[in-house]
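Engineer: Have a look at this fold, sequence not included:
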């Protein structure tokens, strides 16, 4: 098995692969459980998600945002993004590993690259959320030094109890 590498996405060249992985991520969320299907439709209705996919290069644009890809054998197997919340805080978004990349350490490498980029960009803190049911993701974030916290932005009514919120001081 080839080693996984992580690199900043080269936009616009890599945009189709990033978008494909993001749609795979949405499909994964919707198929995880009936509860997750409802949450996915609440947070990511298909039409709005399509608009978000088109806006990725703007929403995560350098110099304050970033999009990273994890690759194995030259194929994109995962992605993750940073978006600025304000001058001091960045949010990690859409960290997703394809089934073939899970258990390879790719999620750790990708998450660490996002943290390193946020630190290099001068952020004081990184925030993220994940589903409470995603025990491996929560364990990874805690291993990376993230601490649990309450919501850092408004969430739709009835969804907070399904989410775990984290922060990392850089």
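Structural biologist: Here it is on my side, so go on. Everything quoted here is computed from the prediction, not taken from an experiment. Numbering: from 1, shown residues only.
Engineer: switch to C-alpha atoms for all contacts and neighbour counts from now on
Structural biologist: Fine.
Engineer: Give me the helices and strands touching the helix or strand bottoming out on mean pLDDT in the chain, please.
Structural biologist: Ranked by mean pLDDT, DSSP states H and E, the weakest helix or strand in the chain is helix 34-43, scoring a mean of 90. For helix 34-43, the packing partners by 3 or more Cα pairs under 8 Å, 6 or more residues apart in numbering; DSSP states H and E come out as helix 15-32.
Engineer: any chance you could map the strands in the chain?
Structural biologist: Secondary structure of the chain by DSSP state E: the strands cover 4-8, 66-72, 75-84, 89-97, 125-131, 147-149, 163-169.
Engineer: Reformat those strands into TSV and put mean pLDDT next to each item.
Structural biologist: Below are the strands of the chain laid out as TSV (pLDDT from 0 to 100):
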stretch	mean pLDDT
strand 4-8	95
strand 66-72	97
strand 75-84	97
strand 89-97	97
strand 125-131	97
strand 147-149	98
strand 163-169	97
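Engineer: circling back to that earlier point, so which bits of the least confident helix or strand of the chain are buried?
Structural biologist: For helix 34-43, the neighbour count (16 or more other Cα atoms under 10 Å) marks 36, 37, 39, 40 as buried.
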